[in-house]
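# Quick one, structure for this:
(4 chains)
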There are 2 protein chains.
Amino acid sequence: MARAGLTVERVVVAGAELADQVGFEQVTVAAVARGFGVQTASLYSHVKSSHDLKTRIALYALEELADLVADALAGRAGRDALGAFADAYRDYAARHPGRYDATRLRLDAETAAASAGVRHAQMTRAILRGYDLIEPEQTHAVRMLGSVFHGYISLEAAGGFSHTAVDARQSWDWIIDSLDTLLRQSGARQTA
Amino acid sequence: MARAGLTVERVVVAGAELADQVGFEQVTVAAVARGFGVQTASLYSHVKSSHDLKTRIALYALEELADLVADALAGRAGRDALGAFADAYRDYAARHPGRYDATRLRLDAETAAASAGVRHAQMTRAILRGYDLIEPEQTHAVRMLGSVFHGYISLEAAGGFSHTAVDARQSWDWIIDSLDTLLRQSGARQTA
DNA sequence: CCCATTTGCCTAATCCATTTAGGTAATCCC
DNA sequence: GGGATTACCTAAATGGATTAGGCAAATGGG
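Presented below is the predicted three-dimensional model:
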């Protein structure tokens, strides 16, 4: 019988694509196997468990997103960098909702430490360098940016903004402008 | 054989408690039934499906949280109200992580419109009245507050802040102060 | 107080996802 | 070509979701 040519990578990529189509929570070992026209049990040669599969999808998405964000950030600083950073996240979530959901998977400490999540934190800090913040304010600001972006994107995805006439894009721009103003003031306050 | 005395309410409350203990995603019709010492199928007289059970838990948690927030808000305004509002959310998430997760469940439009989610939006707008914002800025601000709180709480729950020495409580207070400053400026800018 | 109705809970059965064990066949490499 | 590896399979156990159909306990009207 002809082989499907499975590898861990192909399984993970197929899982990521499936996540975008039907939602990350619906990604199942059985569903991915069906996509390959293969028995469910066959996938267990490539992933340890359903949880392992989801974790790998999360790590894959985290890498992919970090690459996109890094590209978007290249050569930018200040409000420009902040906007590019935010847009890269928002675009990714819009284009790949399932993968974005995957990046929100709770990873255990070691896995997280070895993931591209570290790069995300570094890039956030790199943006803040343009605002001359010092510790502990820099850490507060890192957390605030992460919170705003994650929170906004997940509320938008959940349809939380669809009941009002105001355009979501306008709110997004207003929020980024506000954050920029806020960070410039915090930096100025310190260096004064 | 003695009856367990099940009702929809008791089932939902048990589900909410179970969510706090083992996580909202792990709440299962079978698990709730075990808690009552009853057959799984018996619960289907009270809830239509697993999804129905989860939806009801979400609606219950949304009501409970709205009540707590309303209490916290009573007689406060400005930065005081903003802080109380934020703390009510954060405390609830800390005390009832499973229920808080439940409030993040994606509801369909009609269900959402009939839920306590509406009260949450109203209370957010009530806080902003203290800052003299007009539309569309008020809507932008509603979205920003929701984003920051949701985002922060979920990142904190996911352990995203545990790798740094800076205390999460300090960041929280700093963020609320920053939002207060930001909103006061936005209001002033408009009324000027 | 008793019978009829309601309703709370049960058994049985089906379907589907997860996971392990063990086998067979294609492929790789010397 | 043959031995090892690897890709995939079948079989089977476990457990959640869900439906159909039944009996017995609670309830309330006469």
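# Just say helix, strand or coil for the residue of chain A found nearest DNA strand D.
As assessed by CB to the nearest atom of the strand, DNA strand D sits closest to A:Leu6 within chain A, at 2.9 Å. Heads up, the C-betas are built off the backbone N, CA and C, glycines and all. Per DSSP: H, G, I helix; E, B strand; the rest coil, the secondary structure class of A:Leu6 is coil.
# Now do the same for it: its pLDDT.
Per-residue confidence (pLDDT) for A:Leu6: 87.
# Now for it: which residues touch it?
Listed by CB atoms under 8 Å, 6 or more residues apart in numbering or on different chains, the contact set of A:Leu6 reads A:Phe36, A:Val38, A:Ser42, A:Leu43, A:Ser45, A:His46.
# Next step: these restricted to helices.
The members of those that map onto helices under DSSP state H are A:Phe36.
# In ChimeraX, select just the buried ones from the contacts of A:Leu6.
In ChimeraX, this line selects whichever of the contacts of A:Leu6 come out buried by 16 or more other CB atoms under 10 Å in any protein chain shown:
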select /A:43,46
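# surely A:Ile57 meets A:Glu17?
No: counting by CB atoms under 8 Å, A:Ile57 stays clear of A:Glu17, with 9.8 Å between them.
# Can you name the helix or strand that the closest residue to chain B within chain A falls in?
Proximity of chain A to chain B (CB to the nearest CB) peaks at A:Gly151, 2.6 Å away. Assigned by DSSP states H and E, A:Gly151 belongs to helix A:137-157.
# Can you spell out which helices and strands pack onto that helix?
Judged by 3 or more CB pairs under 8 Å, 6 or more residues apart in numbering or on different chains; DSSP states H and E, helix A:137-157 is in contact with helix A:78-95, helix A:97-103, helix A:117-129, helix A:168-191, helix B:137-157, helix B:168-191.
# can you list the ones you listed in a markdown table and add distance to DNA strand C?
Below are the helices and strands packed on helix A:137-157 laid out as a markdown table (distance: least, CB to the nearest atom of the strand, whole Å):
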| stretch | distance to DNA strand C |
| --- | --- |
| helix A:78-95 | 24 |
| helix A:97-103 | 15 |
| helix A:117-129 | 24 |
| helix A:168-191 | 33 |
| helix B:137-157 | 23 |
| helix B:168-191 | 32 |
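# In chain A, where is pLDDT below threshold?
A:1-2, A:188-192 (pLDDT under 70).
# residues from chain A in reach of DNA strand D?
Contact residues, chain A versus DNA strand D (CB under 7 Å from any atom of the strand): A:1, A:3-7, A:37-39, A:41-42, A:45-46.
# Now with 10 Å, please.
A:1-8, A:10-11, A:33, A:36-46 (CB under 10 Å from any atom of the strand).
# out of the residues you listed, which touch DNA strand C?
For DNA strand C, the contacts drawn from the residues of chain A next to DNA strand D by CB under 10 Å from any atom of the strand are A:Met1, A:Ala2, A:Arg3, A:Gly5, A:Ala33, A:Gln39, A:Thr40, A:Ala41, A:Ser42, A:Leu43, A:Tyr44, A:Ser45.
# Show me which of those residues are buried.
Judged by 16+ other CB under 10 Å, buried ones among those: A:Ala33, A:Leu43.
# what's in contact with the helix or strand harbouring A:Ile57?
Here A:Ile57 sits within helix A:50-73, counting by DSSP H and E. Contacts to helix A:50-73, defined as CB under 8 Å, 6+ apart, come from residues A:8, A:11-13, A:15-16, A:19, A:24, A:27-29, A:32, A:43, A:47, A:81, A:84-85, A:87-89, A:91-92, A:96, A:99-100, A:102-103, A:105, A:107, A:111, A:115-117, A:119-120, A:123, A:126-127.
# Now do that helix: distance to the chain's middle.
7 Å (CA atoms, centre = their mean, to the nearest Å).
# And whichever strand or helix holds A:Ala14, what does it pack against?
Per DSSP H and E, A:Ala14 falls inside helix A:8-22. Packing contacts for helix A:8-22, counted by 3+ CB pairs under 8 Å, 6+ apart, involve helix A:29-36, helix A:50-73, helix A:97-103.
# in it, what counts as buried?
Along helix A:8-22, these residues count as buried under the neighbour rule (16+ other CB under 10 Å): A:Val11, A:Val12, A:Ala14, A:Gly15, A:Ala16, A:Glu17, A:Leu18, A:Ala19, A:Asp20.
# How far does that helix sit from its chain's centre?
16 Å.
# quick one: contacts of it?
With contact meaning CB under 8 Å, 6+ apart, helix A:8-22 is reached by A:26-27, A:31-32, A:35-36, A:43, A:46-47, A:53-54, A:56-57, A:60-61, A:96-99, A:101-102.
# got the CA coordinates for that helix in PDB?
Only the C-alpha atoms of helix A:8-22 are listed here, as PDB (Å, rounded to 0.1, in the frame of the first residue of the first chain):
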ATOM      1  CA  VAL A   8       6.300  15.300  12.200                       C
ATOM      2  CA  GLU A   9       6.600  18.500  10.200                       C
ATOM      3  CA  ARG A  10       3.900  17.600   7.700                       C
ATOM      4  CA  VAL A  11       1.600  16.500  10.400                       C
ATOM      5  CA  VAL A  12       2.100  19.700  12.400                       C
ATOM      6  CA  VAL A  13       1.600  21.900   9.300                       C
ATOM      7  CA  ALA A  14      -1.500  20.000   8.400                       C
ATOM      8  CA  GLY A  15      -2.700  20.500  12.000                       C
ATOM      9  CA  ALA A  16      -2.100  24.200  11.700                       C
ATOM     10  CA  GLU A  17      -4.000  24.500   8.500                       C
ATOM     11  CA  LEU A  18      -6.900  22.500  10.000                       C
ATOM     12  CA  ALA A  19      -6.900  24.800  13.000                       C
ATOM     13  CA  ASP A  20      -7.400  27.800  10.700                       C
ATOM     14  CA  GLN A  21     -10.300  26.100   9.000                       C
ATOM     15  CA  VAL A  22     -12.200  24.600  11.900                       C
END
